[in-house]
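A structural model of the following input is requested.
(chains A and B)
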Amino acid sequence: MEFDKKSLLKLGKLARISISDDKLNNLSKDLNSILEFVDQLKEIKTDQVDPISNSLNQKLEVRDDKVDTKNSAEDILENAPEKEMDFFVVPKVIE
Amino acid sequence: MVAQMIEGWNLVIGIEIHAQVNSKSKLFSSSPTDFGSKPNSQVSLIDAAMPGMLPVINKFCIEQAVKSGIGLNAKINKKSIFDRKNYFYQDLPQGYQISQYKDPIVGEGFVEIETENGQKKIGVERLHLEQDAGKSLHDQDPNFTFVDLNRSGIALMEIVSKPDMSSPEEAIEYVRKVRSILRYLGTCDGNMEQGSLRADVNVSVNKPGNELGTRCEIKNLNSFKFIHAAIVYEAKRQIKLIEQGESVNQETRLFNTQSGETRSMRSKEDAHDYRYFPDPDLLPLTLDDDWIKGLQESIPELPDQIKERLIKEYSLSSYDANIIVSDKATSEYFEDVVKNRNPKLVTTWVTGELFSILNKKNLIIEDSPITSKQLGELVDNIENGKISNRQAKEVLEEMCESGKGALEIIDEKGVSQISDENEIESLVDNVLNSNPENVKKYKNGKDKLFGFFVGEAMKLSKGKANPKIVNDLIKKKLSQ
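Residues are numbered from 1 along each chain as shown, chains lettered A, B, ... in the order given. Okay, here's the model as predicted:
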């Protein structure tokens, strides 16, 4: 799999990360070498193996439906760069 | 009529219902789920996506999803997987929503709806568990958006239908039916005004015989009225485009509740590249057979079964039975009243008079000012002839206003029906004797005068005479 510059820019856009032109080449080289490395996995025969989504052979832990409020609005907003009337405030996002 | 507007066109509708699980705490955190609390007062470090926080799933939510699946006649998947759905938006602090993609907890099922042409089966594609997002307020400030994360992380069941509906009416019936099933099961409170249940509607149009058209998705409809209006508007818009030789773009649209129009929200191009992958923080969810079986046995009687039973036990019409079972509270109320009483009379008083009072007062049956016991007492007094139907209506209104019982009002106001035959006979004699001319005309064939005699007799009794006995006696006397 080849990761071209166009795909890289799109990925950046989706993650809201701007990638400057001078970094494009190196970044694309890095990502491709990672992909090449991971591609080695394709050499392994897996047609007799069930797909797994997690490599741990354990059961999912569950919890009871109990309420435990640890934070107040003040706590949770403490690190917010902008806040008002207990809301987080962000730049207008509606189109 | 919609049918006329789209004559010559097929409508194809599929619906995604988002139903909040009726849990006390969130899907992956212990924060409360109460509606209308102070902004950001129900946000844990997990909900705010602080670094290093790990999600732990709520057992109750898993149960509710499986119960709902059983209620939708669906396949329960013994293994399901949680995935990350990646997108960037301010109401989603994680930067991804934990959802289920290829392996949902519930697979294919179906519900039956009533249509103009009888019963119709609507396929359910799947039901999966996912996190709700926070809420954005765009109208508080001209330059900024305000974010409240209280809703962020509440468990949602997303129920995806097959594109089996072909009119806005069918779409509404489907949502009604699913909502009703969830409410019977107690897995979601179905409160659309508060957003506990919302629908995304996919609409496309095509000419009969042609292949399917391009579909548009209308997001976040939170009332039956809006679902209907949005589908009608969208179908018209697409037909117009095609008739003008243009094509429909596949896109997500928003419904403006003020103007009744839909408008483009975002194009599918890259906004919908969600880059799903299994969430490494969560192991696959496995369910065992005994546990599923236990839940199956705990499922209460559902609307379709109750309907069948009501028709069988009380000889209700399918129409009446449908109205009664459409809502759990209504069917419980009805069954309380109907026990050992005349089903036909009870049906009339519940779906007719009581409903009209509730409508007028804009109340739901849970908040009815008249309890099922009180309505039963009223019906008893109609049945034993103590009061007439007309009087009963007045008594019911009075019960509503004063909160007093039927008997109390009847005694207090002296409302009662005269059912004593001798007393009524003297009334009838009185009327016939004072109108000898009309009696003669009647006997000579002027049948219409019958109503006149009944009216006079009722007037004379100040409306208290039992109309049936009056009728019978006049008929008997005039044929002598």
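
got the contact list for whichever residue of the stretch 201-350 of chain B sits closest to chain A?
For the stretch 201-350 of chain B and chain A, the shortest gap (CB to the nearest CB) falls at B:P278, measuring 3.7 Å. For every residue, glycine as well, the C-beta is placed using N, CA and C. Contact analysis of B:P278 by CB atoms under 8 Å, 6 or more residues apart in numbering or on different chains lists A:53-54, B:81-84.

Need the max-distance pair from these.
A:N54 and B:R84 (12.9 Å; CB to CB).

So between these two, which is more surrounded?
Ranked by neighbour count (other CB atoms under 10 Å in any protein chain shown), A:N54 and B:R84 place B:R84 first, with 20 against 16.

dump the residue contacts of residue 31.
If you meant another chain, say so; for now it's chain A. A:L31 sits next to A:3, A:8 when contact means CB under 8 Å, 6+ apart.

Can you look at chain B instead?
Counting by CB under 8 Å, 6+ apart, B:S31 touches A:67-69, B:25, B:42-44, B:46-47, B:153.

before we move on, the earlier item: return the closest of the contacts of B:P278 with respect to B:D429.
Closest to B:D429, out of all of these and judged by CB to CB, is B:F82, at 84.1 Å.

roughly how far apart are that closest one and B:P104?
10 Å (CB to CB, to the nearest Å).

and what of B:G245?
Taken as CB to CB, the span from B:G245 to B:P104 is 40 Å.

okay, those two: which has more neighbours?
Using other CB under 10 Å, the more surrounded residue of B:G245 and B:P104 is B:P104, with 23 against 6.

How about the secondary structure of the closest residue in space to the more buried one that isn't next to it in sequence?
For B:P104, ignoring the flanking residues on the chain, the nearest one in space by CB to CB, 6 or more residues apart in numbering or on different chains is B:H128 at 3.6 Å. Under DSSP: H, G, I helix; E, B strand; the rest coil, B:H128 falls in the strand class.

wait, what's in contact with B:H128?
Shown in contact with B:H128 (CB under 8 Å, 6+ apart): B:65, B:80, B:99-100, B:104-106, B:157-158.

Quick check: bridge partners of it?
Judged by DSSP bridges, the bridge partners of B:H128 are B:E158.

ok, back up a step: inside strands: which ones of the contacts of B:P278?
B:83-84 (DSSP state E).

Show me which of the contacts of B:P278 is closest to B:E335.
Comparing these against B:E335 with CB to CB places B:F82 closest, at 40.5 Å.

Looking at that closest one now. What's its pLDDT?
Note for B:F82: predicted pLDDT of 96.

could you check the distance from B:K476 over to B:K440?
18 Å.

now do B:A65
For B:A65, the distance to B:K440 equals 78 Å [CB to CB].

In terms of neighbours, single out the busier of those two.
B:A65 (26 against 11).

coming back round to it: got JSON lines for the contacts of B:S31, with neighbour count, secondary structure and distance to B:K121 too?
What follows is these, written out as JSON lines (neighbours: other CB atoms under 10 Å in any protein chain shown; DSSP: H, G, I helix; E, B strand; the rest coil; distance: CB to CB, whole Å):
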{"residue": "A:V67", "neighbour count": "14", "secondary structure": "coil", "distance to B:K121": "40"}
{"residue": "A:D68", "neighbour count": "11", "secondary structure": "coil", "distance to B:K121": "43"}
{"residue": "A:T69", "neighbour count": "13", "secondary structure": "coil", "distance to B:K121": "44"}
{"residue": "B:S25", "neighbour count": "25", "secondary structure": "strand", "distance to B:K121": "36"}
{"residue": "B:Q42", "neighbour count": "27", "secondary structure": "coil", "distance to B:K121": "40"}
{"residue": "B:V43", "neighbour count": "29", "secondary structure": "coil", "distance to B:K121": "42"}
{"residue": "B:S44", "neighbour count": "23", "secondary structure": "coil", "distance to B:K121": "42"}
{"residue": "B:I46", "neighbour count": "22", "secondary structure": "coil", "distance to B:K121": "40"}
{"residue": "B:D47", "neighbour count": "29", "secondary structure": "coil", "distance to B:K121": "39"}
{"residue": "B:G153", "neighbour count": "31", "secondary structure": "coil", "distance to B:K121": "35"}
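
and the residues you listed as CSV, adding pLDDT?
Shown next, in CSV, are the contacts of B:S31 (pLDDT from 0 to 100):
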residue, pLDDT
A:V67, 94
A:D68, 90
A:T69, 80
B:S25, 96
B:Q42, 94
B:V43, 94
B:S44, 93
B:I46, 92
B:D47, 93
B:G153, 96
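
Helices of the stretch 101-250 of chain B, start to end?
Taking DSSP state H, counting those that start in this stretch, the helices of the stretch 101-250 of chain B run over residues B:168-185, B:224-243.

Just name the most buried of those.
Ranked by mean neighbour count, the helices of the stretch 101-250 of chain B are led by helix B:168-185 with a mean of 22 (mean count of other CB atoms under 10 Å in any protein chain shown).

Is chain A within reach of it?
No - contact of helix B:168-185 with chain A (CB under 8 Å from any CB of the partner chain) is absent, the minimum separation being 15.9 Å.

Can you pull out the low-pLDDT segments for the chain?
Defaulting to chain A. By pLDDT under 70, the low-scoring segments of chain A are A:1-2, A:94-95.

my bad, chain B
For chain B (pLDDT under 70), the answer is B:1-5, B:266-272, B:414-416.

Show me it divided up by domain.
The record, using automatic domain parsing to delimit domains, assigns chain B the ranges B:2-294, B:301-413, B:421-478.

OK, contacts around A:K59?
Neighbouring residues of A:K59 by CB under 8 Å, 6+ apart: B:283, B:286.

at 6 Å instead, please
Neighbouring residues of A:K59 by CB atoms under 6 Å, 6 or more residues apart in numbering or on different chains: there are none.

That one and B:T286: what is the separation?
A:K59 sits 7 Å away from B:T286, going by CB to CB.

same thing with B:N340?
Distance of B:N340 to B:T286, computed by CB to CB: 49 Å.

Without its sequence neighbours, what residue ends up closest to the residue most central in space within chain A?
The centre of chain A sits closest to A:A15, judged by CA atoms, centre = their mean, with a distance of 8.1 Å. In space, A:A15 comes closest to B:F88 once its chain neighbours are excluded; the distance is 6.6 Å by CB to CB, 6+ apart.

Okay, buried residues for the longest helix seen in chain A please.
Longest among the helix segments of chain A by residue count, using DSSP state H, is helix A:21-39. Neighbour counts over helix A:21-39 (16 or more other CB atoms under 10 Å in any protein chain shown) mark A:27-28 as buried.

and what of stretch B:136-147?
The neighbour-count check on stretch B:136-147 (16+ other CB under 10 Å) flags B:136, B:144-147 as buried.

Also stretch B:284-293?
So, applying 16+ other CB under 10 Å, buried residues of stretch B:284-293: B:284-285, B:287.

Using CSV, list the CA coordinates for it.
Presented in CSV, the C-alpha positions along stretch B:284-293 are these (Å, rounded to 0.1, in the frame of the first residue of the first chain):
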residue,chain,number,x,y,z
PRO,B,284,-15.4,-8.2,22.2
LEU,B,285,-18.7,-8.5,24.0
THR,B,286,-19.8,-12.1,24.3
LEU,B,287,-23.2,-13.3,25.6
ASP,B,288,-24.0,-16.8,26.7
ASP,B,289,-27.0,-18.8,25.7
ASP,B,290,-28.4,-19.2,29.3
TRP,B,291,-28.2,-15.5,29.9
ILE,B,292,-30.0,-14.7,26.6
LYS,B,293,-32.6,-17.4,27.4
